[in-house]
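Asks: any chance you can model this:
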Amino acid sequence: MLRDLAQACDAPLGQGFLSSIGYLLWMAAAAIALFAAATHQIRGSTVNRQFAFCGGGFSLWLCLDDMFLVHDRYLGESFLYVTYGVFTVLLLFCFRAPLKRFGGDTFFLSVVFLGSSVLIDSFQGLFPASYETVQLFEEGAKFLGIAAWLAFWCHYVNATSKLSSF
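Replies: Presented below is the predicted three-dimensional model:
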């Protein structure tokens, strides 16, 4: 439990690097959104803070899922992918006003990339390319989605923290 996984498995330098960076980005998005909401850095409507709490909590769960492979090992991909889709639609519906006002295009871009990653993963046996090629596209879409997700929350917190509190 205490040793680094790469050390315990005698893995070469860099193995799993992109995945590790990915969950660090999830963690950063969660920390930024949750900290800003909890410390009242987010101004304006209370919906702005609620959105940051919901988005930050969702980011934290996605981080934990990515780190501990919850979707692969414990709860099942199908169940979690449907749950993630429903939660994303709820975020898009319930918080459409702050999304329209504060860079929802980046949020939407992250949803497109992450959704593409899920679709590629779900249908990877149907692609004529090798497993490695399909994995490259799946992991690439996932990484770009996570990066766009982090960019959105950075922008959102920055923009809402500059609002007048009146």
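
Asks: flag every buried residue along the host helix or strand of D65.
Replies: Per DSSP states H and E, D65 falls inside helix 46-68. Using 16 or more other Cβ atoms under 10 Å as the test for burial, helix 46-68 gives 48-49, 51-52, 54-56, 58-63, 65-66. C-beta: built from backbone N, CA, C; applies to glycine.

Asks: out of these, which comes closest to G22?
Replies: D66 (6.0 Å; Cβ to Cβ).

Asks: any idea how many residues pack against the closest residue to the closest one other than its chain neighbours?
Replies: Nearest non-adjacent residue to D66, counting by Cβ to Cβ, 6 or more residues apart in numbering: Y23, 4.3 Å away. Neighbours of Y23 under the rule other Cβ atoms under 10 Å: 17.

Asks: what helix or strand is Y23 located in?
Replies: helix 17-38.

Asks: ditto for T160
Replies: Using DSSP H and E, T160 falls in helix 131-161.

Asks: just how off-centre is that helix within its chain?
Replies: When distances are taken as Cα atoms, centre = their mean, to the nearest Å, helix 131-161 is centred 7 Å away from the chain's centroid.

Asks: ok, stretch 112-129 next?
Replies: On Cα atoms, centre = their mean, the centre of stretch 112-129 falls 17 Å from that of its chain.

Asks: again with stretch 11-21
Replies: Relative to its parent chain, stretch 11-21 has a centroid offset of 19 Å by Cα atoms, centre = their mean.

Asks: may I see the buried residues of it?
Replies: Result for stretch 11-21 [16+ other Cβ under 10 Å]: no buried residues.

Asks: again, but for stretch 152-166
Replies: So, applying 16+ other Cβ under 10 Å, buried residues of stretch 152-166: F152, W153, C154, Y156, V157, A159, T160.

Asks: could you report the separation of the second one from S130?
Replies: It refers to W153. Here W153 is placed at a distance of 35 Å from S130 (Cβ to Cβ, to the nearest Å).

Asks: where does the prediction get shaky in the protein?
Replies: For the chain, applying pLDDT under 70 flags the ranges 1, 165-166.

Asks: could you redo the last one with a cut-off of 80?
Replies: 1-7, 13, 72, 76, 164-166 (pLDDT under 80).
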